[in-house]
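Asker: I would like to see how this sequence folds:
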Amino acid sequence: MCSSDLEHLFRRQAGRMLAHFTRLLGPAYLNLAEDAVQEAMLRALQTWPYGGVPENAVAWLFRTAHNVAIDAIRRNRLLGEKTEGIVAELARSATALPEDPDTEEELRDDELRMIILCCHPALTRDASVALSLKTVGGFSVREIARAFLAEEAAIAQRLVRAKRQIRDGPLAFEMPRGAELEDRLASVLDVLYFMFNEGYAAHEGEALIRQDLCLEALRLGRLVASSSISTPRVDALVALMALQAARLPARVDEVGDLIQLEFQDRSRWDRQLIALGFHYFDRSMVGDDVSEYHLQAAIAATHARATDPLSVDWPVILHLYDRLLSINASPVVALNRAVAVAKVHGPGEALAAIESLDSHPKLGDYHLLLAVRGHLLQEVGRSGEAARCFRAALECPCSEPERRFLRRKLEEV
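Answerer: The predicted structure follows:
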């Protein structure tokens, strides 16, 4: 087994193992669960290169982690009177192979409860995202810090505070019910979509996209969608993420520079992800609920159906943006709608549509507003004003690929 295969195995199993031990030990002992999982991974790295990879590597990891946890609990009597009962349950659980159908279903339930726990309303969204990536996604502190361009120490502190809140709450490792479940599910979807968007278009840094974040958000979305708590809104978000993720191979060129949607090589779009997106989009069409995710997925689906840029049904997309704006009067939605207005009614009307966004406090240093205005001004022949917009956009925070794109636009005008 090569190093990349080992990394994939460890990342995939780490979240399942941690969720499993959190159920057995309780959320208050999340650190003990993490230690057991990490020690099992470390022993694998120390022994497998010399003795070979076990025939059932996953079962080996689970059994080793169980033994580590049992030793730690007995040695320190961490659970007081409950110690022997927990040890007995750990010993029983260690004999069940993860590939057993009943055990597999139990592990999926554990992962689901873990993501629900990570998205508890007592935690901030930043904490929920970091905790979800660490505990369910198997990301290291270093990877999370790199993904969000933060210091490792800051991410580590964020995780420590979140786990302290879980312990001191105490927050339960269980499925909420009724209105609480509805609120928690909305928080889960918000966290997953935030995670996906950070991977799809990084706010800063050398890379425009971080595919691992996108695919992990999609995996967790499918985990929720396959559960008993799923709703059409969940299916709509999964559809949206799959359809957007399908474009990732065509979003940048071989040197990492941004390629606009209308110039992308559609043959590079991932057909399997497109098919997956339409599958979940069809599933989301049950009932009367029309959420933001439904409308955004419908926009992505309209792009995916088009065989080339000229066949995109822009009037339909504009109609969908109008409906989306009626649900969420976000300035970013209004800006995206302006692109559709330009395609349907021309750049002049689009410029009028974004005129009111100048004074919006959330768009004060938003490079995309300036970039869109610069493009529209360029389209109507106002090159001097367009150049000023592109120069101003270059002063705003953005990723390096976007900065190179803005420089090219400035050179054009």
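
Asker: Just give the nearest non-adjacent residue to residue 265, would you?
Answerer: Once its chain neighbours are removed from consideration, residue 265 has its nearest residue in residue 250; the separation is 5.3 Å (C-beta to C-beta, 6 or more residues apart in numbering). Just so you know, the C-beta spots here come from the backbone N, C-alpha and C atoms, and that holds for glycine as well.

Asker: Kindly report the same for residue 63.
Answerer: Going by C-beta to C-beta, 6+ apart, residue 63 has residue 94 as its nearest residue, at 5.1 Å.

Asker: Check the gap between the one you found and residue 224 for me.
Answerer: As for residue 94, its distance to residue 224 is 28 Å (criterion: C-beta to C-beta, to the nearest Å).

Asker: And residue 354, by the same measure?
Answerer: As for residue 354, its distance to residue 224 is 35 Å (criterion: C-beta to C-beta).

Asker: Please apply the same query to residue 88.
Answerer: Taking C-beta to C-beta as the criterion, residue 88 is separated from residue 224 by 32 Å.

Asker: And these two? Which one has more around it.
Answerer: residue 224 (22 against 11; other C-beta atoms under 10 Å).

Asker: does the more buried one belong to a helix or a strand, and which?
Answerer: helix 211-225 (DSSP states H and E).

Asker: Pull the distance from the helix or strand just after that helix to the chain's centre.
Answerer: Later in the chain than helix 211-225, the nearest helix or strand by DSSP H and E is helix 232-245. Its chain's average C-alpha position is 11 Å from that of helix 232-245, according to C-alpha atoms, centre = their mean, to the nearest Å.

Asker: Tell me which other helices or strands helix 232-245 touches.
Answerer: Under the contact criterion of 3 or more C-beta pairs under 8 Å, 6 or more residues apart in numbering; DSSP states H and E, the helices and strands touching helix 232-245 comprise helix 178-200, helix 211-225, helix 271-283, helix 292-305.

Asker: who touches that helix?
Answerer: Applying C-beta atoms under 8 Å, 6 or more residues apart in numbering, the contact partners of helix 232-245 are 185, 189, 192-193, 196, 200, 211, 214-215, 217-218, 221-222, 224-225, 270, 273-274, 276-281, 283-287, 289, 291, 293-294, 296-297, 300-301, 303-304.

Asker: Show the buried residues in those residues.
Answerer: For the contacts of helix 232-245, a neighbour count by 16 or more other C-beta atoms under 10 Å gives the buried set as 185, 189, 192-193, 196, 200, 214-215, 217-218, 221-222, 224-225, 270, 273-274, 276-278, 280-281, 283-284, 291, 293-294, 296-297, 300-301, 303-304.

Asker: quick one: average confidence on stretch 57-76?
Answerer: The predicted model gives stretch 57-76 an average pLDDT of 88.

Asker: Flag every buried residue along it.
Answerer: Of the residues in stretch 57-76, 57-70, 73 count as buried by neighbour count, 16+ other C-beta under 10 Å.

Asker: Restricted to strands, list those residues.
Answerer: Secondary structure of the buried residues of stretch 57-76 is defined by DSSP state E; no position falls in strands.

Asker: and the residues you listed, which of them are in helices?
Answerer: The helices in this structure, assigned by DSSP state H, contain 57-70, 73 from the buried residues of stretch 57-76.

Asker: re the thing from before, please tell me how far the residue nearest to residue 63 sits from residue 399.
Answerer: As judged by C-beta to C-beta, residue 94 and residue 399 stand 46 Å apart.

Asker: what's the spacing between the closest residue to residue 195 other than its chain neighbours and residue 164?
Answerer: Once its chain neighbours are removed from consideration, residue 195 has its nearest residue in residue 217; the separation is 4.2 Å (C-beta to C-beta, 6+ apart). Note on residue 217: its distance to residue 164, by C-beta to C-beta, is 26 Å.

Asker: And residue 73, by the same measure?
Answerer: 21 Å.

Asker: next one: residue 195
Answerer: With the distance defined as C-beta to C-beta, residue 195 ends up 22 Å from residue 164.

Asker: More neighbours: the two, which one.
Answerer: A side-by-side neighbour count of residue 195 and residue 164, using other C-beta under 10 Å, places residue 195 first with 26 against 12.

Asker: got the contact list for that one?
Answerer: Residue 195 makes contact with 129, 132, 133, 213, 216, 217, 220 under the criterion C-beta under 8 Å, 6+ apart.

Asker: now, which of those residues sits nearest residue 385?
Answerer: Within the contacts of residue 195, distances to residue 385 taken as C-beta to C-beta reach their minimum at residue 213, with 36.3 Å.

Asker: what's around the nearest residue to that closest one once chain neighbours are set aside, how many residues?
Answerer: Computed as C-beta to C-beta, 6+ apart, the closest residue to residue 213 that is not its neighbour in sequence is residue 199, at 2.9 Å. Burial of residue 199 is recorded as 24 neighbouring residues (other C-beta under 10 Å).

Asker: Got the confidence number for the residue nearest to residue 283 when sequence neighbours are not counted?
Answerer: Once its chain neighbours are removed from consideration, residue 283 has its nearest residue in residue 235; the separation is 4.2 Å (C-beta to C-beta, 6+ apart). On the pLDDT scale, residue 235 is placed at 98.

Asker: In the buried residues of stretch 57-76, find the pair that's most separated.
Answerer: Longest distance between any two of the buried residues of stretch 57-76 is 24.8 Å, between 57 and 73; criterion C-beta to C-beta.

Asker: Quick one: low-confidence residue ranges for this structure.
Answerer: 1-4, 77-79, 96-102, 149, 202-205, 207 (pLDDT under 70).

Asker: check contacts around the residue of the chain positioned farthest from its centre.
Answerer: Relative to the C-alpha centroid of the chain, counting by C-alpha atoms, centre = their mean, residue 81 is the outermost residue, at 40.3 Å. The neighbourhood of residue 81, defined by C-beta under 8 Å, 6+ apart, contains no residues.

Asker: And residue 44, by the same measure?
Answerer: Residue 44 neighbours (C-beta under 8 Å, 6+ apart): 6, 10, 57, 60, 61, 64.
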